[in-house]
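Asks: Show me the folded form of this:
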Amino acid sequence: MRSRLSAVCRYEFRMQIRKQSLWVSTAGLAVLIAVAQGDRGPRHLPIGAGAAEVMASWALLFSMLLPIGFGMVLADRLVRDQRIGAASLLASLPARTGALVAGKYAGSVAATAVPGLLVLLVAAAGEFAHRGDPALFGWAAGAFAVVLLPGLAFVAAFALVCPLVMSAPLFRVLFAGYWFWGNMLGPNYLPSLTGTLLTPIGDYPASWLIGGKALYAGDSGWLSFLRPEPGGGAALLSVVLLIVLASLPLAFAGPLMTRRTSS
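Replies: Prediction:
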């Protein structure tokens, strides 16, 4: 079972990492948000700012837009298997549907994580040029792991599974609307998940690394019990909750794939 899961994961990784759309969307969105950052962006942090604060700020900045590109790229992955007949071929393999789903999910997350990490390392290199602190590279990897990666895992789960019950174009539209409503719309404007432990933008982990409120984490609003004060415990809880939420659509992926294949 483990070897089959690993084989599916490697196959999916190779398929995704070669997609030009993944690299073009990541680079385009990263450049856009880096250029458009306001005077509160990481580029304007004082020269004496610590490496953790600098790279957490960059990670949060990229997390505002990069997951949108990742979700768009992954939205047709399982559906395309159905369309080109690969789903029937995969179903004939001596592996359970759950293992196939897990392998595809792990491979997709790993493939989309590569350009996300590279973007942060490029930002670290730019910061190193005028800060001269080699710790920036270590904190780039750390900030990626706790700020960007949990949100990416969350987005990938829904992007892979939701198009099994709705069209991929409809999912992309709804996903883009959700992303801005649930991550960047201040809770003082409309009831929103922004600023809660459930925001995959990585607000709580970034706030923990920065040592203060990064964006909206903990702001008063709807679902106040999900808005604790930022800190290490809250950051860990946010990451755990996102992983748990990501597992929910994956639990339904197998039956949905089986039903579509047989219909």
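
Asks: Just the buried residues of stretch 188-203, please?
Replies: 192-203 (16 or more other C-beta atoms under 10 Å). The way it works is simple: take the backbone N, C-alpha and C, and place the C-beta from them, glycine included.

Asks: no wait, stretch 47-61
Replies: So stretch 47-61, judged by 16+ other C-beta under 10 Å, has buried residues 49-61.

Asks: re earlier: which of the buried residues of stretch 188-203 sits closest to residue 145?
Replies: Lowest distance from residue 145 to the buried residues of stretch 188-203 (C-beta to C-beta) belongs to residue 202, with 10.4 Å.

Asks: Mind picking the two most distant members of the buried residues of stretch 47-61?
Replies: Longest span within the buried residues of stretch 47-61, C-beta to C-beta: 50 and 61, 16.6 Å.

Asks: picking up where we left off before, export the buried residues of stretch 188-203 to CSV and tack on secondary structure?
Replies: Converted to CSV, the buried residues of stretch 188-203 look like this (DSSP: H, G, I helix; E, B strand; the rest coil):
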residue, secondary structure
192, coil
193, coil
194, coil
195, coil
196, coil
197, coil
198, coil
199, coil
200, coil
201, coil
202, coil
203, helix
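
Asks: And the buried residues of stretch 47-61, which is closest to residue 253?
Replies: Distances from residue 253 to these, taken by C-beta to C-beta, are shortest for residue 59, at 28.4 Å.

Asks: so which helix or strand takes in that closest one?
Replies: Assigned by DSSP states H and E, residue 59 belongs to helix 51-63.

Asks: Give me the contacts around that helix.
Replies: 30, 33-34, 37, 41-42, 45, 116, 119-120, 123-124, 127, 131, 133, 135-136, 138-140, 142-144, 147-148, 151, 201-203, 205-206, 209-211, 214-215 (C-beta atoms under 8 Å, 6 or more residues apart in numbering).

Asks: coming back round to it: with distance to residue 68 and pLDDT as extra columns, can I get the buried residues of stretch 188-203 in JSON lines?
Replies: JSON lines is the format used below for the buried residues of stretch 188-203 (distance: C-beta to C-beta, whole Å; pLDDT from 0 to 100):
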{"residue": "192", "distance to residue 68": "17", "pLDDT": "89"}
{"residue": "193", "distance to residue 68": "16", "pLDDT": "92"}
{"residue": "194", "distance to residue 68": "15", "pLDDT": "93"}
{"residue": "195", "distance to residue 68": "19", "pLDDT": "93"}
{"residue": "196", "distance to residue 68": "19", "pLDDT": "95"}
{"residue": "197", "distance to residue 68": "21", "pLDDT": "96"}
{"residue": "198", "distance to residue 68": "17", "pLDDT": "95"}
{"residue": "199", "distance to residue 68": "14", "pLDDT": "93"}
{"residue": "200", "distance to residue 68": "11", "pLDDT": "95"}
{"residue": "201", "distance to residue 68": "11", "pLDDT": "95"}
{"residue": "202", "distance to residue 68": "14", "pLDDT": "95"}
{"residue": "203", "distance to residue 68": "16", "pLDDT": "95"}
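
Asks: what's the farthest-apart pair in those residues?
Replies: The largest separation in these, counting by C-beta to C-beta, is between 192 and 202 at 16.3 Å.
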